[in-house]
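*Asks:* Sequence below, structure please.
(chains A, B, C and D)
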Number of protein chains: 4
Amino acid sequence: MTTLESTLAALRVHLVDLHRELVRWDLVVWTAGNVSARVPGENLMVIKPSGVSYDELTPGSMVVCDLHGRAVEGNLTPSSDAAAHAYVYRHMPDVGGVVHTHSTFASAWAARAEPIPCILTAMADEFGGEIPVGPFALIGGDEIGRGVVETLAGHRSPAVLMRNHGVFALGGDARAAVKAAVMCEDVARTAHLACALGAPAPIPQAAVDRLHDRYQNVYGQR
Amino acid sequence: MTTLESTLAALRVHLVDLHRELVRWDLVVWTAGNVSARVPGENLMVIKPSGVSYDELTPGSMVVCDLHGRAVEGNLTPSSDAAAHAYVYRHMPDVGGVVHTHSTFASAWAARAEPIPCILTAMADEFGGEIPVGPFALIGGDEIGRGVVETLAGHRSPAVLMRNHGVFALGGDARAAVKAAVMCEDVARTAHLACALGAPAPIPQAAVDRLHDRYQNVYGQR
Amino acid sequence: MTTLESTLAALRVHLVDLHRELVRWDLVVWTAGNVSARVPGENLMVIKPSGVSYDELTPGSMVVCDLHGRAVEGNLTPSSDAAAHAYVYRHMPDVGGVVHTHSTFASAWAARAEPIPCILTAMADEFGGEIPVGPFALIGGDEIGRGVVETLAGHRSPAVLMRNHGVFALGGDARAAVKAAVMCEDVARTAHLACALGAPAPIPQAAVDRLHDRYQNVYGQR
Amino acid sequence: MTTLESTLAALRVHLVDLHRELVRWDLVVWTAGNVSARVPGENLMVIKPSGVSYDELTPGSMVVCDLHGRAVEGNLTPSSDAAAHAYVYRHMPDVGGVVHTHSTFASAWAARAEPIPCILTAMADEFGGEIPVGPFALIGGDEIGRGVVETLAGHRSPAVLMRNHGVFALGGDARAAVKAAVMCEDVARTAHLACALGAPAPIPQAAVDRLHDRYQNVYGQR
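*Replies:* Coordinates of the predicted model:
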């Protein structure tokens, strides 16, 4: 095996595990969500096949694509969202993983085209402020990817709500992107419930900044 | 085994699996939901027995019925909804599978006799517009089936909310009908939450049309 | 083994299974819910021990009590709700099983002292009308049991919401009582959601009556 | 093995089990919640490592800390919340276990800085009144621990909602603290739903007192 072959083999296995995390944390139903990983040092990414159920995913069913979302090997069609993932990788070199879901509470905010306000310390930690809303965009071409990249340009958030659609979450690697997708739904749910019974208490911007800085630099094992 | 016998045997096994999907996606409690499949080329369908819990379903417990919902073999009574399923098969020749549930969020829209507005791209994809509401109808005769067929006549949606009752979802085969039932509850939940905190952003009709066309013709493996 | 001994042994096993149903259908957290069964032909009932987690329940841990809720054998203390269960058995000779839960949506209606309106055909089927609210009552003596019995006297419903407290559900046997508890939470949830976004459509009383009659007499296997 | 070594070994195993309870009762997502236990008779506590997922927790990964939250052995960094746990142990000698979560409904009340009103008998039982709200406090130093201790001083509640943050729950041992965290989310959810559709019925203070006294002194096995 060449290095590239063994890298691809490992990413395929890893992506099966990460799709299981989408199911486990209730971010997806049926076949409607996907994870991709950039192949380090190559103009390639690996992504879920289109319309295949999570139970049936195997390492071999993952699709290797170029950074325009076109399959470069195998017989399976990549996710309909492949072009959007690819656009993100082309324009955000630090991004190593992308997740797309229609997770329930986040998509409810997206359906109102309303950003999720930063009213929880866990949001300040992970997102560094509100989770913004990107434009309405049709699937298939560059429209969604461009909306993701342009919307996130002005924010620290690794997740964006695409209007009337769902979530795109990014990370330095695919696992970090999945974490951002999980946390996005979690804070979307808590913020929804908080707003349902009244006005949440705001968090001062200076506290948001300190929480985000600490979480990004001190939290976890070093 | 004749061809019919082996077809029935396969459908019985398949229906046990599909009833498990109703449980897995939280569409049913206790015994209140059912799936049927048309027997291709015959005036027959196979359906869940009445009042049997999902744990106890076996291929042998599925009931073969004529297209008036009457059992044609065995000792078990078919689902109380058999007549409604049968009516659909008699009047909609392209339908190969029917699902009935009282799934929570969809039934809440049904209790208000309020269609689910098409405010999510996933709804445009699967339903091609709103999910409509059919009439209040008593169980047992043709009343429910007629309500399902007449209501869906003017819509692209494969699912209908029966007023004060629950969901009927249809498909080219039983698996497609289960998918429609799963997606119906998913969009019912997201749309409920979106409407709970304000007014959702509309999706232009032209975009709904393009999304539906693409999803029906491009999505998945070919 | 005498007949009584073998009856008790069977009920103990059955009750462990039924408590698992409470967990499975999300009706309970930690140790807060219980099922009992009348011992046919005896002034005895079998009930969960107090404060024991569902994981740790074994047939041997179930407590045989007289119909005043006092343990008649063994070292374990019966559920704090034993007196309420016992009162029901003393005053309602057709009741063979009693369930108590703090299931979430039903308890929310109970906290507002608001009956659940009959806006779903599934409610008409199982409850024959609204699910009524009983008085606020302190635990330990006959107060809760009396509230249950007196409130249900004027209703067809096998379940009652005790104000600020939770649900008592009854049945001809313990399994029927568990079913009533499961269905009570299911319709409480759907009715809550229906009412959250507007006014539900009413079901005419004549239709409620016909649905209830059919479900009690035709549904299921005969 | 010395007595201290065997105590620590047992606590490490016990804490793995208790973290599983956080997952099981849906109190946590990803890595965002933690349990600690005081080491009896020592100025030590054992706590979850920072940023490690619940699947990967082993007895050996738990971190022994002094009562300022500093690791005293091993290579793993303790939870970011270690200083808050430690502050509680230093100032509340009867506390043997502390739990921190961002459980959804409780955190929604916390985001509005609104105490959970005592409208359920289960709340009177476990919390003896409302669940109060502590101040907004930054993570890392004594600020959170001080907020927990000062807020609980005037209440019977073993749980406190920290503003815009989440829950701290205490107990005589770690299992009791986990129970308080589980019950806190359960009553937060029911109370949220009750308040969503109208005004809950109040419970008279004398009844709250009697329920709390009975539950603390009579409930469970003796």
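
*Asks:* Which single residue of chain A approaches chain C most closely?
*Replies:* residue A:196 (9.0 Å; Cβ to the nearest Cβ). No exception for glycine: its C-beta is placed from N, CA and C like everyone else's.

*Asks:* Against residue B:97, how distant is that residue?
*Replies:* According to Cβ to Cβ, to the nearest Å, residue A:196 stands 37 Å off from residue B:97.

*Asks:* Count the residues that sit near the residue of chain A closest to chain C.
*Replies:* By other Cβ atoms under 10 Å in any protein chain shown, 17 other residues sit near residue A:196.

*Asks:* can you pull the contacts of it?
*Replies:* B:196, B:197, D:108, D:192, D:196 (Cβ atoms under 8 Å, 6 or more residues apart in numbering or on different chains).

*Asks:* What residues sit buried inside stretch A:143-157?
*Replies:* A:143, A:144, A:145, A:146, A:147, A:148, A:149, A:151, A:152, A:155, A:157 (16 or more other Cβ atoms under 10 Å in any protein chain shown).

*Asks:* May I ask which of those comes out lowest in pLDDT?
*Replies:* Lowest-confidence member of the buried residues of stretch A:143-157: residue A:155, scoring 92 (pLDDT).

*Asks:* So which residues on chain A come close to chain D?
*Replies:* Proximity of chain A to chain D is confined to A:25, A:119-122, A:179, A:182-183, A:186, A:189-191, A:193-194, A:196-201, A:203, A:207, A:210-211, A:214, A:218-222 under the rule Cβ under 8 Å from any Cβ of the partner chain.

*Asks:* out of the buried residues of stretch A:143-157, who's nearest residue B:126?
*Replies:* residue A:144 (18.3 Å; Cβ to Cβ).

*Asks:* Surely that closest one is in a helix?
*Replies:* Yes - checked against DSSP: H, G, I helix; E, B strand; the rest coil, residue A:144 lies within a helix.

*Asks:* doesn't residue A:79 make contact with it?
*Replies:* No - at 11.8 Å, residue A:144 and residue A:79 do not qualify as touching, with contact defined as Cβ atoms under 8 Å.

*Asks:* Can you tell me, leaving aside adjacent residues, what's nearest to residue A:154?
*Replies:* residue A:132 (7.6 Å; Cβ to Cβ, 6 or more residues apart in numbering or on different chains).

*Asks:* who's in contact with the residue of chain A found nearest chain B?
*Replies:* Per Cβ to the nearest Cβ, residue A:51 is where chain A lies closest to chain B, at 2.9 Å. By Cβ under 8 Å, 6+ apart, the residues touching residue A:51 are A:31, A:77, B:219, B:220, B:221.

*Asks:* how many neighbours does the nearest residue to residue A:126 once chain neighbours are set aside have?
*Replies:* Spatial nearest neighbour of residue A:126, excluding adjacent residues (Cβ to Cβ, 6+ apart): residue A:183 at 4.7 Å. Using other Cβ under 10 Å, residue A:183 has 24 neighbouring residues.

*Asks:* can you give me phi and psi for the residue of chain A closest to chain B?
*Replies:* phi 70, psi 20 (degrees, to the nearest 10).

*Asks:* And the pLDDT for it?
*Replies:* 91.

*Asks:* quick one: low-confidence ranges for chain A?
*Replies:* Along chain A, segments meeting pLDDT under 70 span A:222.

*Asks:* what does it have sitting close to chain B?
*Replies:* Counting by Cβ under 8 Å from any Cβ, chain A sits next to chain B at A:29-32, A:49-52, A:76-77, A:80, A:102, A:104-105, A:107-109, A:111-114, A:136, A:138-140, A:163-166, A:192, A:195-196.

*Asks:* So which of those residues belong to strands?
*Replies:* residue A:166 (DSSP state E).

*Asks:* Show the contacting residues for residue A:46.
*Replies:* A:8, A:11, A:12, A:15, A:36, A:37, A:39, A:62, A:63, A:64, A:65.

*Asks:* And the first one, how far from residue A:72?
*Replies:* Distance of residue A:8 to residue A:72, given as Cβ to Cβ: 11 Å.

*Asks:* which stretch of helix or strand covers the residue sitting nearest the centre point of chain A?
*Replies:* Residue closest to the mean C-alpha point of chain A, counted by Cα atoms, centre = their mean, is residue A:169 at 2.1 Å. Element membership for residue A:169 (DSSP states H and E) is strand A:166-171.

*Asks:* any idea how far the nearest residue to residue A:136 once chain neighbours are set aside is from chain D?
*Replies:* Nearest residue to residue A:136, sequence neighbours excluded (Cβ to Cβ, 6+ apart): residue A:163, at 4.4 Å. Distance of residue A:163 to chain D, computed by Cβ to the nearest Cβ, to the nearest Å: 24 Å.

*Asks:* I figured residue A:163 hits residue A:143, correct?
*Replies:* No - counting by Cβ under 8 Å, residue A:163 does not reach residue A:143; the two are 11.8 Å apart.

*Asks:* where do the contact lists of those two overlap?
*Replies:* residue A:137.

*Asks:* what's the closest non-adjacent residue to the closest residue to chain D within chain A?
*Replies:* Distance from chain D to each residue of chain A (Cβ to the nearest Cβ) is smallest for residue A:220, at 2.9 Å. Distances taken as Cβ to Cβ, 6+ apart put residue D:51 closest to residue A:220, at 2.9 Å, once the chain neighbours are dropped.
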